[in-house]
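J.: Structure of the sequence below:
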Amino acid sequence: MDNGVPVANRKKLLDRPTTDRMKMLGFHWPCPGLGFAERKGTGYQYVPAA
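T.: The predicted model follows:
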């Protein structure tokens, strides 16, 4: 029940695809559901693939 663990895990999960510019697929993301994560401020932003 450590509140910091889920946040740290999400940051780890997004750090590598953001750093390596890896495509990510999400079935519930805006169309086309295939895109990239970019850093925005202290968080991340989904950017659709063209």
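J.: Now do the same contact list for Gly9.
T.: No, residue 9 isn't Gly; it's Asn. Counting by C-beta atoms under 8 Å, 6 or more residues apart in numbering, Asn9 makes contact with nothing. C-beta coordinates here come from the backbone N, C-alpha and C atoms, glycine included.
J.: What is the neighbour count of Pro32?
T.: Neighbour count of Pro32, defined by other C-beta atoms under 10 Å: 10.
J.: ok, what's across the strand from the residue lying closest to it once chain neighbours are set aside?
T.: Leaving aside its sequence neighbours, Pro32 sits nearest to Pro48 (C-beta to C-beta, 6 or more residues apart in numbering; 5.9 Å). Taking DSSP bridges as the rule, Pro48 bridges to Gly35.
J.: wait, Pro48 sits on Ala37?
T.: No. Using C-beta atoms under 8 Å, Pro48 is not in contact with Ala37, being 11.3 Å away.
J.: Show me which of these two is the more surrounded one.
T.: For Pro48 versus Ala37, neighbours defined as other C-beta under 10 Å are more numerous around Ala37 (21 against 12).
J.: What's the per-residue pLDDT of that one here?
T.: If you check Ala37, the pLDDT there is 92.
J.: Which strand or helix spans it?
T.: Under the criterion of DSSP states H and E, Ala37 resides in strand 34-40.
J.: So what touches that strand?
T.: 14, 17-18, 21-26, 29, 44-49.
J.: Helices of the protein, residue ranges please.
T.: 4-19 (DSSP state H).
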